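>>> Here is my input, please return the structure:
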Amino acid sequence: MTSPPPTDLAALRADIDRIDSAMHDLLMERGRIIDRLIAVKKTSASGSAFRPGREASMMRMIAERHQGLLPLDTVEGIWRVIIATFTYVQAPFAVHADVSGGDAPMRDSARFHFGFTVPYRPHPSAAAVIAAVAASRGDLGVFRLDQGVTAGAWWRQLASPGRPKVIARLPFIERPGHPAGTPVFCVAKPLDDPSAAQRDWVLYAARFERWRDEAAEAVAELGGEVVASAGIGGGLSQLLALPGRVSPEEAQAVLAKAGATPGAFEEIGSHAARFRVGEG
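Numbers count the residues shown, from 1 in each chain. Have a look, this model is predicted:
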């Protein structure tokens with residue numbers, strides 16, 4: 001015995017059409033607001049349209065409130081395309097990607113997080129990505145966290161004032177089976193509005209004559225972690241991630257007692273706290 005249809009199919013399809021039209025209307029309304037935003041920015045200080053802190057908060061809110069049969073992958077992907085495309089409309093940019101570990105994962109990450117409207121530019125190394133971003137007007141760069149020993153201390157290229165900085169760690173939402181789950185740093189020229197950055201975690205380049213147990217204990221005491229390490233002339237450079245609540249002065253004082261070279265401690269960026277969910 002077959003069950004009768006729960007309701008009239010024509011009526012259900014009409015509801016879907018109505019919802020589709022409403023979504024399109026809202027996107028067009030968002031576009032009109034962006035038009036007004038562009039007009040306002042023409043009379044104020046110009047600068048990057050990126051707001052990584054706001055984007056991270058938006059993605060977390062979406063993940064927390066999402067329910068129903070539509071996969072979180074789809075919802076996150078739709079929002080990323082909307083956000084990135086409207087950012088591109090405000091101030092065109094390209095995404096430069098380090099493909100030294102393979103093009104496919106980096107292209108997946110770039111397309112998932114920034115869509116297909118934003119140009120994609122592959123490069124042979126993280127250093128080349130940083131150089132391309134530095135030479136651009138307002139482009140972004142992405143590269144894997146696990147660069148390997150052959151990449152050297154690439155983070156030192158972000159240390160000087162005015163150099164590009166890490167502004168995000170992607171994906172914003174971590175979960176098993178993420179379609180663009182390769183962990184990457186996103187770099188950009190320093191943001192004109194420092195409040196736009198998310199400083200849950202702050203990244204520092206630190207130098208040590210040699211790595212000792214006391215240094216590892218000092219990083220742990222600060223609540224941080226060593227992201228990467230590389231030998232340099234006369235010592236060792238460490239990329240450290242420390243909680244935003246730790247001031248640079250406190251960090252330098254604690255690490256100096258553990259063997260860090262005085263004065264060789266520079267911020268190279270920051271990002272939002274990692275947000276994990278179960279299978280979406």
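
>>> Kindly tell me how buried Ala264 is, as a neighbour count.
16 (other Cβ atoms under 10 Å). Where you see a C-beta, it was placed from the backbone N, CA and C, and this is true even at glycine.

>>> mind checking how far it is from Thr87?
According to Cβ to Cβ, to the nearest Å, Ala264 stands 35 Å off from Thr87.

>>> One more: Gly235?
40 Å.

>>> Ok, Asp192 next?
Taking Cβ to Cβ, one finds Asp192 at 14 Å from Thr87.

>>> Repeat that for Ala205.
For Ala205, the distance to Thr87 - Cβ to Cβ - is 28 Å.

>>> Which parts of this structure are helices?
9-41, 52-65, 72-90, 103-114, 126-135, 213-221, 248-257 (DSSP state H).

>>> Read off the pLDDT value for Ala148.
In this structure residue 148 is Gly, not Ala. Looking at Gly148, its pLDDT stands at 77.

>>> Could you tell me how many residues sit around it?
The burial count for Gly148: 11, using other Cβ under 10 Å.

>>> which residues touch it?
Gly101 (Cβ atoms under 8 Å, 6 or more residues apart in numbering).

>>> Distance check, it against Glu214.
27 Å.

>>> Surely Ala228 is in contact with Leu240?
No - contact between Ala228 and Leu240 fails when scored by Cβ atoms under 8 Å: they sit 9.2 Å apart.

>>> and the spatially most central residue of the chain, bridged to which residues?
When Cα atoms, centre = their mean is applied to the chain, the residue found nearest the centroid is Ala168 (2.7 Å). Applying DSSP bridges to Ala168 gives these bridge partners: Cys186.

>>> Spit out the contact partners of it.
Pro52, Glu55, Ala56, Phe185, Cys186, Gln198, His271, Ala272.

>>> Of all pairs in these, which one is the farthest apart?
Spatially, the most separated pair among the contacts of Ala168 is Glu55 and Phe185, at 14.9 Å (Cβ to Cβ).

>>> Name the residue in the two with the higher neighbour count.
Counting neighbours by other Cβ under 10 Å for Glu55 and for Phe185 shows that Phe185 has the greater number, 28 against 22.

>>> Other residues contacting stretch 254-261?
206-210, 212, 214-215, 217-219, 221-222, 235, 252, 262, 265.

>>> Walking through the stretch 101-250 of the chain, point out its strands one by one.
120-123, 140-144, 165-170, 173-174, 184-188, 201-208, 225-232, 235-243 (DSSP state E, counting those that start in this stretch).

>>> Direction included, what does the fourth one pair against?
Looking back up the chat, that one is strand 173-174. Strand 173-174 is paired, per DSSP bridges, with strand 275-276 (parallel).

>>> Hmm, Leu140 is touching Val184, no?
No - using Cβ under 8 Å, Leu140 is not in contact with Val184, being 10.7 Å away.

>>> For the two, indicate the residue with more neighbours.
Neighbours per residue (other Cβ under 10 Å) separate Leu140 from Val184, with Leu140 holding more: 30 against 24.

>>> what's near enough to touch that one?
With Cβ under 8 Å, 6+ apart, Leu140 has these contacts: Phe50, Phe93, Ala94, Val95, His96, Phe114, Val133, Cys186, Val187, Ala188.

>>> again, but for Phe143
Neighbours of Phe143 in contact, by Cβ under 8 Å, 6+ apart: Ala97, Asp98, Met106, Ala126, Val129, Trp154, Val184, Phe185, Val187.

>>> Any figure for the gap between the residue nearest to the centre of the chain and Asp213?
33 Å.

>>> since we're on the nearest residue to Ala131 once chain neighbours are set aside, how many residues are nearby?
Excluding the flanking residues, the one nearest Ala131 by Cβ to Cβ, 6 or more residues apart in numbering is Gln157, at 7.7 Å. When neighbours are defined as other Cβ under 10 Å, Gln157 has 19 of them.

>>> No further queries at this time; thank you.
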